[in-house]
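Visitor: Could you work out the structure for the sequence below:
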Amino acid sequence: MSEAHVHVDPSNKKVALFIAVLALVLAFAETLGKGSQTSALASHIEASNLWAFFQAKTIRQTTVRTAAEEMEAQFGQKAPEAVRRQIETWKKTAERYQSEPETNEGRKELMARAKEMETKRDRAMAAYHNYEIASAAVQIAIVLASAQIITGVAALLWIAYALGAIGVAFSLIGSFWPTAVHLF
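Guide: Residues are numbered from 1 along each chain as shown. Predicted coordinates:
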């Protein structure tokens, strides 16, 4: 038989097209997964930085409060005017460290910002895990569909269809409802 007369089973063309669609789904799952992973890492770093800043503010606040309390204990009601002014300045500074809405850098604001970053990180990590499951399912589906072309075993194609559907489902879950499914 010459090359021009080789018969190609039309069902193999359909399987090849299915494999191409799976490859497309795989490319999206991998790309979206890496994006989610990068976002999770960036959010984690930002949350860590905010918590470190929160701790620094707490240390400063504690130091200033301790200084004010020490002065009050040392002088009591007989504190000179300059000492009373310094105590008041330290107390106001401690209050400012607690909440500073104009700069968004008080302890209260830093805590809220850090928790927001943690939520963002957790959502991105959940999406990443869903994309990883999608990717694995689609990769296995591609292998099984390819094996079906070679072997002709129909069950392999049906399993590939099921895994392809699982891959698409987990890609959609990762995109729209990343925290809906918790497998890991």
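Visitor: Every contact and neighbour count from this point should use C-alpha atoms.
Guide: OK.
Visitor: May I have the phi/psi pair for residue 79?
Guide: Note on residue 79: backbone dihedrals following degrees, to the nearest 10 are phi -70, psi 140.
Visitor: Check residue 32 too.
Guide: Here is the backbone geometry of residue 32 (degrees, to the nearest 10): phi -70, psi -40.
Visitor: how much space between residue 59 and residue 180?
Guide: Separation of residue 59 from residue 180 (CA to CA, to the nearest Å) stands at 39 Å.
Visitor: what do you get for residue 100?
Guide: Distance, residue 100 to residue 180, by CA to CA: 36 Å.
Visitor: Could you do residue 147 as well?
Guide: From residue 147 over to residue 180 the distance is 33 Å, taken as CA to CA.
Visitor: more neighbours, the two?
Guide: Taking other CA atoms under 10 Å, residue 147 and residue 180 do not tie; residue 147 has more neighbours (16 against 12).
Visitor: Not counting sequence-adjacent ones, nearest residue to the more buried one?
Guide: Once flanking residues are discounted, residue 147 sits nearest to residue 156: 7.2 Å by CA to CA, 6 or more residues apart in numbering.
Visitor: And that neighbour, how far from residue 134?
Guide: From residue 156 over to residue 134 the distance is 18 Å, taken as CA to CA.
Visitor: Also residue 110?
Guide: Remark: distance between residue 110 and residue 134 (CA to CA) = 36 Å.
Visitor: Have a look at those two and say which one is more surrounded.
Guide: residue 134 (29 against 25).
Visitor: which non-adjacent residue is nearest that one?
Guide: Using CA to CA, 6+ apart, the closest residue to residue 134 is residue 167 (3.8 Å).
Visitor: What number of residues are in the vicinity of that neighbour?
Guide: Residue 167: 28 neighbours (other CA under 10 Å).
Visitor: didn't it look like it was pressed against residue 140?
Guide: No. With contact defined as CA atoms under 8 Å, residue 167 does not reach residue 140; the gap is 9.8 Å.
Visitor: Can you get me a residue count around the residue nearest to residue 88 when sequence neighbours are not counted?
Guide: Excluding the flanking residues, the one nearest residue 88 by CA to CA, 6+ apart is residue 68, at 7.8 Å. Neighbour count of residue 68, defined by other CA under 10 Å: 21.
Visitor: Give me the contact list for the helix or strand containing residue 174.
Guide: Residue 174 belongs to helix 154-176 when elements are defined using DSSP states H and E. The contact list for helix 154-176 (CA atoms under 8 Å, 6 or more residues apart in numbering) reads 22, 25, 29, 126-131, 133-138, 140-142, 144-145, 147-148, 180-181.
Visitor: 6 Å instead?
Guide: Residues external to helix 154-176 that are found in contact with it (CA atoms under 6 Å, 6 or more residues apart in numbering): 29, 127, 130, 131, 134, 137, 138, 141, 144, 145, 148.
Visitor: so the helix or strand containing residue 115 versus helix 154-176, what angle?
Guide: Following DSSP H and E, one finds residue 115 within helix 107-151. Put simply, helix 107-151 runs at 160 degrees to helix 154-176, going by axes from the mean of the first three to the mean of the last three CA atoms, to 10 degrees.
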